[in-house]
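# have a look at this prediction, sequence included:
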Protein chains: 2
Amino acid sequence: MPASRPARRGVAVDATSADTKTRILDAAESLFMEHGFEATSLRSLTTAAGVNLAAVHYHFGSKEELFQAVLTRRLDPMNQERIDLLAKLEREAGGRAPSCEKILSAMLIPALRLARDEKRGGKNFLRLVGRAYADPAPFIRHFLSEQYAEMIARYKEAFLRALPHLTRQELTWRLHFVMGALSYTLAGTDALKLFAQMTHTEREDDELLLQRLAPFLVAGLKAPPLDHSRKLELVSGA
Amino acid sequence: MPASRPARRGVAVDATSADTKTRILDAAESLFMEHGFEATSLRSLTTAAGVNLAAVHYHFGSKEELFQAVLTRRLDPMNQERIDLLAKLEREAGGRAPSCEKILSAMLIPALRLARDEKRGGKNFLRLVGRAYADPAPFIRHFLSEQYAEMIARYKEAFLRALPHLTRQELTWRLHFVMGALSYTLAGTDALKLFAQMTHTEREDDELLLQRLAPFLVAGLKAPPLDHSRKLELVSGA
DNA sequence: GTAGAATTCAAACGACCGTTTGAATTCCGG
DNA sequence: CCGGAATTCAAACGGTCGTTTGAATTCTAC
């Protein structure tokens, strides 16, 4: 399929096209966030970006590849920053394991920075990621798995040393819960008004949000593992 | 639009149609879960259900109304069961507030029961709900808000009494995190393989999943609220 | 200034979408 | 068994979709 595409080989790789590519990526980021992948048409997207319809296929090859490009542009640096922060943390701690709080902070801070940086998509992009996490399309799920695999693996090892009372399997589940609360929180915010008395006026910014999320997640991670006596108590409540 | 539709008035409301309606609902539940709302076509849906294409509009009016019917069929009884369980809990506790663990159990148990009951859609349906939570379509978000409003409001009051150290605003956020971890966990499971060493062979069933989730969430709910000295520690990690 | 690559553009392709229609069929009380 | 309501059915409607094409245009190096 991309065989017939010019595939920008030769001298100036993308000098004049950079503007068009960026405009497409920006419009796609906004529209994919607002309407989802399937419900966003390339026609509305290219109209919003002020470019020709065919430009998407010329620069990205297909709608799916465009979506992956939208995610990669921000996600790749963010996850790399997470990895670097963790490495710095472990370097500073010498041979000892960094605390659970610090590890979690290293995980949340790059997301917080991205949320505050309007030039890098800001909150819109993080909501898009949250939505992508729940998208059933196989190509999205495979792409996200590959994007996050290394970062998650490193943090799992770090948490394993900081939380010795947890088995590897228990920690795997808890990291699942952490990512769930994180992505859901980032995706939801203003759109889903499940909870009525949310202060409309005093617009909670994302920094405060993550600082509320951190104590919640740290406490969850440190919680004692599954206890069979409590398990019975849970079910008997029915 | 539904003016021209026969709208099954008269004697036998839906006797012979029950079978067709159920077949459509079952196929829709499965396909909406697998491919999402937008990516599921009525043609593939009616083919899978073994009914005529026009049957969807005859029995439900539109694709959107069908989606709402799919959710209502299971969600309405589940949330009612949650409300009843909480009421029973508060009755048994007399004037005192039930414990945080018991309140959370009352919230999780109906979901667990639904997940185990294959005749009521089982895990497939809960995954569909998890996906619907992240869907940007306005009609889905509005529908879910209305479906959950009363249940959430009642549980918020109960948690507020069980967790007196939390302000109403803090609790609102923490319930947001709880719903996030819950819906994400229910939606993800087998599809998103972010975490490599997840035991493939020893298939974790949903009961064990919720029993791992409960201690995590209880600890998060009980955690001390936002502390400004810790807040500084969080940001300084950068 | 001119060749040649890179990019933009208008137009169309075939496919599939949700929905509607009106006739054919099934159901059921009298 | 028959008449009217309920349901099913095949066919088509108008639209929109992602993608492709080939010519027009812009850019860049010589």
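It's in.

# element containing residue A:61?
Residue A:61 is part of no helix or strand when elements are defined by DSSP states H and E.

# now for it, how many residues are close by?
Residues lying near residue A:61 (other Cβ atoms under 10 Å in any protein chain shown) number 16. Bear in mind the C-beta positions are built from the backbone N, C-alpha and C, glycine included.

# how near is it to chain B?
For residue A:61, the distance to chain B equals 20 Å [Cβ to the nearest Cβ, to the nearest Å].

# which SS state does residue A:130 fall under?
Secondary structure, DSSP: H, G, I helix; E, B strand; the rest coil: residue A:130 is helix.

# list the contacts of it.
A:183, A:184, A:185, A:186, A:187, A:188, B:134 (Cβ atoms under 8 Å, 6 or more residues apart in numbering or on different chains).

# pull the most distant pair out of those.
A:185 and B:134 (11.4 Å; Cβ to Cβ).

# quick check: residue A:115 touching residue A:126?
Yes - with contact defined as Cβ atoms under 8 Å, residue A:115 reaches residue A:126; the gap is 5.4 Å.

# tell me the spatial nearest neighbour of residue A:75, not counting adjacent residues.
Among residues not flanking residue A:75 along the chain, residue A:147 sits closest, at 5.3 Å (Cβ to Cβ, 6 or more residues apart in numbering or on different chains).

# next, see if the helix or strand harbouring the one you found gets close to DNA strand D.
In this assignment (DSSP H and E), residue A:147 forms part of helix A:138-162. No - between helix A:138-162 and DNA strand D, judged by Cβ under 7 Å from any atom of the strand, nothing touches; the nearest distance is 10.9 Å.

# after that helix comes which helix or strand?
Beyond helix A:138-162 on the C-terminal side, the first helix or strand identified by DSSP H and E is helix A:168-188.

# pLDDT (mean, whole number) over that next one?
The predicted model gives helix A:168-188 an average pLDDT of 86.

# helices or strands up against that helix?
With contacts taken as 3 or more Cβ pairs under 8 Å, 6 or more residues apart in numbering or on different chains; DSSP states H and E, helix A:168-188 sits against helix A:100-116, helix A:122-134, helix A:138-162, helix A:206-222, helix B:122-134, helix B:168-188, helix B:206-222.

# ok, residue A:132 - contacts?
Residue A:132 makes contact with A:37, A:71, A:140, A:144, according to Cβ under 8 Å, 6+ apart.

# change it to 7 Å
Counting by Cβ atoms under 7 Å, 6 or more residues apart in numbering or on different chains, residue A:132 touches A:71, A:140, A:144.

# give me the low-pLDDT residue ranges for chain A?
For chain A, the stretches with pLDDT under 70 are A:1-18, A:188-207, A:227-238.

# of all of it, which residue lies closest to DNA strand D?
Taking Cβ to the nearest atom of the strand, DNA strand D has its nearest neighbour within chain A at residue A:41, 2.8 Å off.

# hmm, residue A:170 and residue A:225 touching each other?
Yes - with contact defined as Cβ atoms under 7 Å, residue A:225 reaches residue A:170; the gap is 5.0 Å.

# and the longest helix seen in chain A, which residues are buried?
The residue-count maximum for a helix in chain A (DSSP state H) belongs to helix A:63-92. By neighbour count on 16 or more other Cβ atoms under 10 Å in any protein chain shown, the buried set for helix A:63-92 is A:63, A:66-71, A:73-75, A:78-79, A:81-83, A:85-86, A:89-90.

# cool, stretch A:33-44 as well?
Buried residues in stretch A:33-44, counted by 16+ other Cβ under 10 Å: A:33, A:35, A:36, A:37, A:38, A:39, A:40, A:42.

# near chain B, anything from that stretch?
Yes - remark: stretch A:33-44 sits within contact range of chain B at A:34, A:35, A:36, A:38, A:39, by Cβ under 7 Å from any Cβ of the partner chain.

# which of these sit farthest apart?
Pairwise over the residues of stretch A:33-44 next to chain B, using Cβ to Cβ, the maximum falls at A:34 and A:38, 12.8 Å.

# pull up the overlap in contacts between those two.
By the contact definition Cβ under 7 Å, 6+ apart, residue A:34 and residue A:38 are jointly contacted by no residue.

# run through who's touching stretch A:210-222.
Counting by Cβ under 7 Å, 6+ apart, A:100-101, A:104-105, A:108, A:112, A:159, A:163, A:174, A:177-178, A:181-182, A:185, B:170, B:173-174, B:177, B:216-217, B:219-220, B:222-224, B:226, B:231, B:234 sit against stretch A:210-222.

# pull out the buried members of the residues you listed.
Buried by 16+ other Cβ under 10 Å: A:100-101, A:104-105, A:108, A:112, A:159, A:163, A:174, A:177-178, A:181-182, A:185, B:170, B:173-174, B:177, B:216-217, B:219-220, B:222-223, B:226, B:231, B:234, out of these.

# go back to those residues and keep what's next to DNA strand C.
Applying Cβ under 7 Å from any atom of the strand to the buried ones among the contacts of stretch A:210-222, none is adjacent to DNA strand C.

# quick one, what contacts the residue nearest to residue A:75?
A:71, A:75, A:79.

# how far does stretch A:155-169 sit from the chain's center?
Centroid separation for stretch A:155-169 versus its chain: 22 Å, with Cα atoms, centre = their mean, to the nearest Å.

# and for stretch A:34-53?
With Cα atoms, centre = their mean, you get 22 Å for stretch A:34-53.

# check whether that stretch contacts DNA strand C.
Yes - judged by Cβ under 7 Å from any atom of the strand, stretch A:34-53 comes into contact with DNA strand C at A:51, A:52, A:53.
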